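Enquirer: any chance you could fold what I've pasted below:
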Amino acid sequence: MADVITTTERRILTVRVSGAPCPVNQRHQRRKRSASGAPPKRGDVFLSPKAREWQTIVAQSAWFQLALLHNQRAHLPIGQEIRVACTFVNVRGDADNYLKSTLDGLAEGLQINDRYFNPVQAARRIVKGQPRGAIIEIFEVCS
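Expert: Model prediction:
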């Protein structure tokens, strides 16, 4: 008979972010010309202003929620995987296209390596009367 592994989860943090998430296909821009006027080299790309703005908003929101968590004498698990569930509200397109910029901002705000985000879930929801944005839930996975 196979061993049964049961896991329980505990929600640690919920981060609500208002704004327009940046999809993966708008994440990078190619430089038009260098400072000297020469044409761009192959691979000469940078993070787009839209992606940078979204990552900053997510990072600031996550950092603020983390500060509130510390005030309650709680903390994130260190060196252990956490489950991240992202729900993108009132956006078009596939939910997974918005993950990269969101997770990068979340990792920056929580000041942890994004390799600990496992598993990651993405969903999209249309809700009339609510602003566009994301709801990011972070769970501690207890074996």
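Enquirer: need the contact list for residue 117.
Expert: 81-84, 103, 106-107 (C-beta atoms under 8 Å, 6 or more residues apart in numbering). Just so you know, the C-beta spots here come from the backbone N, C-alpha and C atoms, and that holds for glycine as well.
Enquirer: sorry, that was for residue 17
Expert: 57-58, 61, 102, 133-136.
Enquirer: again with residue 80
Expert: 116, 140-141.
Enquirer: could I get those residues as a markdown table with neighbour count, pLDDT and secondary structure?
Expert: Formatted as a markdown table, the contacts of residue 80 follow (neighbours: other C-beta atoms under 10 Å; pLDDT from 0 to 100; DSSP: H, G, I helix; E, B strand; the rest coil):
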| residue | neighbour count | pLDDT | secondary structure |
| --- | --- | --- | --- |
| 116 | 16 | 92 | helix |
| 140 | 16 | 89 | strand |
| 141 | 15 | 82 | strand |
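Enquirer: which one of the residues you listed sits closest to residue 13?
Expert: Ranked by distance to residue 13 (C-beta to C-beta), these are led by residue 140 at 9.5 Å.
Enquirer: which parts of stretch 55-64 are buried?
Expert: Within stretch 55-64, the residues that count as buried by 16 or more other C-beta atoms under 10 Å are 55, 57-59, 61-63.
Enquirer: nothing else from me, thank you.
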